[in-house]
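Peer 1: Could you look at this predicted model? Sequence included:
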Amino acid sequence: MSLPRRLEQLGIVLGSVLMLSLPITVLTPLLVETPKLWQTALLVYSPGLAVGVLIALDKFPVSYHQVWVFSIVSWLATVALWMVFDVESVTTNQPTAIGTWLVALFVGTLVAWANPKMQRRRSNA
């Protein structure tokens, strides 16, 4: 395998780790009450690492572009819904925070799935 392809795969993994951490970080206080740094890192970055590796190896039926769209849209939808429903603290407004977060993930999934410009681009390297 060529160096440009390896670098592309590395970029896909790193980008997925960073982008998928956006929708997950909003609920970190619920997952661990007083998280240590390693617990937070494990909870936030593990899903992105797994998805990024699977996408880079062409073992996942999702494109890298869809990961970006899903992450950004679901994070923005979470923030918007929390502003609408006046969620100031995730720990004190748990039912509202979790419910709106799940709705935002669903919205992100729909937008990523329905975006007509999503086509997997392959490098010829």
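Peer 2: Nice, I can see it.

Peer 1: Going by C-alpha atoms from here, please, whenever you check contacts or count neighbours.
Peer 2: OK.

Peer 1: Run the chain-centre distance for the helix ranked longest in the chain.
Peer 2: Across the chain, the longest stretch assigned as helix under DSSP state H is helix 3-25. Between the mean C-alpha point of helix 3-25 and the mean C-alpha point of its chain there is a distance of 11 Å (CA atoms, centre = their mean, to the nearest Å).

Peer 1: So which bits of it are buried?
Peer 2: By neighbour count with 16 or more other CA atoms under 10 Å, helix 3-25 contains the buried residues 9, 12-25.

Peer 1: again, but for stretch 25-38
Peer 2: Judged by neighbour count (16+ other CA under 10 Å), stretch 25-38 contains these buried residues: 25, 26, 27, 28.

Peer 1: contacts for it?
Peer 2: The list of residues contacting stretch 25-38 from outside it, by CA atoms under 8 Å, 6 or more residues apart in numbering, reads 39, 40, 43, 44, 90, 91, 98.

Peer 1: Please, a ChimeraX command that selects the buried ones among those?
Peer 2: Buried subset of the contacts of stretch 25-38, written as a ChimeraX selection, criterion 16+ other CA under 10 Å:
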select :40,43,44,90,98
